[in-house]
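> Structural data only, the sequence is not supplied:
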Ligand code: HEM
């Protein structure tokens, strides 16, 4: 009754619910994409639901993506939402524990190590990590077997990312205990920590100890590197951050370097490892594509498959489209939240979103909309070829794509008016996109050289999604059958 009597015509429709605080928390939490699709069918592109007592306004579709992700600094805030979760994990004075202008400068510093010359160095590092991982891993003893692939992909992601981005000193410590510390730190990245941040959760003490210990390890390495006076040629991200200066002339302090390094590894770890697990599961469900990938390498690079280089990746379009298509269906970040700082008029509608609401962007909804992607639920990497019968219709608003804007960390597309945004848009857009693409392409190419995969029961079935963690990922155990090629 209250919902009907007190309905404000200038606010978006409210999703019907029985209980005031709980609202739609359970139906949303169980399967967010399904919730968005169903509510959109009932209420349209803009609607409000109650998430743990908080009015949460969802605006799906390209216009919604643009409205939220390109919201002005005076209207929307990411830090108001995320700092309770990220500050204990990353540490003080970085990312959301500082004014947005400082984050923009930090993103610019982090991007310096993510350029073509760096990528040329990273490819052999990542390729070698992949080969040596599978040669050593006890799960892959013998000629064939079954493995719970997300676990292996999580390990491989942290080894490849730490070695390439943070240098060999840090990588070597992953064999000596830092992995366990990162595991403790990761326990702070749960939905419970996000929703109930004021509760003294039993694992928070371990999280805090891990944060301090890891930060100290990085700070010791930084001191050693400074003492040596020179870098040994490995121009990794630590080296760039250590030598960076803010616009106001202040050199980036060591604790901020350490905290940014933690943030970078944590930001990439969940999204990239979930994506690589989905790639392997999809390949197991489509052995024909795995073979096509193998043939693509033989044809483009030669029968003897020489060591992979950065330049080779451009010669492997199917290998690239595997990543694109997997992110279309399995983008690890299903919901992006923003606090509303001043009432926001939704263009072309009578709605005004008040400051008592939070905004939620769900770009995955348009990425699975038949309006833009024919046969949207079909995982078909070849759809990204222009001549495919199921090629995306209008994926990008070309004019908006060409128009660029600089929020302080380099040029990004001005419009977020696209149905395909797995890396977000606007001032909070991902800076790790090129690195993630490179890492995933090298991992996929190297694994295809080493293995043939299939589902354990030989079917084309795909495993369900686990939405219980902050980043969606495959439900475990997610077993696949592997068979070694000739090695
Ligand atoms: C931001 C996705 C990998 C670093 C974002 C955002 C998305 C995203 C959707 C926007 C979040 C928001 O607007 O609130 C992904 C996906 C990845 C990936 C799908 C892999 C497949 C990485 C990697 C790194 C990274 C490897 C680091 C090397 C960052 C950073 C931000 C960001 C620093 C900026 C946060 C902000 O400005 O608020 N990412 N990411 N990401 N990502 Fe990624």
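The structure has been received and is ready for your questions. Please read these numbers as outputs of a predicted model, since none were measured by experiment.
> Show the contacting residues for the closest residue to the ligand within the chain.
Closest to the ligand within the chain is residue 432: 2.2 Å, counting by Cβ to the nearest ligand atom. Where you see a C-beta, it was placed from the backbone N, CA and C, and this is true even at glycine. Residue 432 makes contact with 114, 264, 267, 268, 271, 272, 423 under the criterion Cβ atoms under 8 Å, 6 or more residues apart in numbering.
> Adding neighbour count, write the residues you listed out as CSV.
Shown next, in CSV, are the contacts of residue 432 (neighbours: other Cβ atoms under 10 Å):
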residue, neighbour count
114, 21
264, 27
267, 18
268, 20
271, 22
272, 26
423, 19
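> Run through the residues of the stretch 351-487 of the chain sitting next to the ligand.
Residues of the stretch 351-487 of the chain lying near the ligand by Cβ under 6 Å from any ligand atom: 422, 423, 424, 428, 430, 431, 432, 435, 436.
> same deal with the chain?
Neighbours of the ligand within the chain, by Cβ under 6 Å from any ligand atom: 78, 103, 107, 264, 267-268, 271-272, 275, 327, 331-333, 336, 422-424, 428, 430-432, 435-436.
> Those in helices, which ones?
Using DSSP state H, 103, 107, 264, 267, 268, 271, 272, 275, 327, 435, 436 are the members of the residues of the chain next to the ligand that sit in helices.
> Could you verify my assumption that the third one touches residue 240?
No: between residue 264 and residue 240 no contact is recorded; they are 11.3 Å apart, counting by Cβ atoms under 8 Å.
> now this structure, which segments are flagged as low pLDDT?
Scanning the chain for pLDDT under 70 picks out the ranges 1-6, 230-235, 394-402.
> which residues in the stretch 101-250 of the chain form strands?
Using DSSP state E, counting those that start in this stretch, the strands of the stretch 101-250 of the chain run over residues 144-148.
> how about the closest residue to residue 389 other than its chain neighbours, what does it touch?
The spatially closest residue to residue 389, leaving aside those adjacent along the chain, is residue 374, at 7.6 Å (Cβ to Cβ, 6 or more residues apart in numbering). Contacts for residue 374 (Cβ under 8 Å, 6+ apart) come out as 383, 389, 390, 391, 393.
> Show me which of those are buried.
residue 383 (16 or more other Cβ atoms under 10 Å).
> now the contacts of residue 374 in a markdown table, with secondary structure?
Conversion of the contacts of residue 374 to a markdown table gives the following (DSSP: H, G, I helix; E, B strand; the rest coil):
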| residue | secondary structure |
| --- | --- |
| 383 | helix |
| 389 | coil |
| 390 | coil |
| 391 | coil |
| 393 | coil |
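> Widest-spaced pair of the contacts of residue 374?
Among the contacts of residue 374, the pair separated by the greatest distance (Cβ to Cβ) is 389 and 393, at 12.0 Å.
> I figured residue 192 hits residue 201, correct?
Yes: the criterion here is Cβ under 8 Å, and residue 192 meets it with residue 201 at 6.5 Å.
> Same drill for these two, tell me which one is more crowded.
Set residue 192 next to residue 201 and count neighbours by other Cβ atoms under 10 Å: residue 201 wins out with 15 against 12.
> Quick check: that one touching residue 193?
Yes: Residue 201 lies in contact with residue 193 (Cβ under 8 Å); the separation is 6.5 Å.
> so what sits against both of those two?
What both residue 201 and residue 193 touch, as defined by Cβ under 8 Å, 6+ apart, is an empty set.
> So what pairs up with the nearest residue to residue 15 once chain neighbours are set aside in the strands?
Closest residue in space to residue 15, ignoring its immediate chain neighbours: residue 49 at 4.0 Å, by Cβ to Cβ, 6+ apart. Per DSSP bridges, the residues bridged to residue 49 are residue 56.
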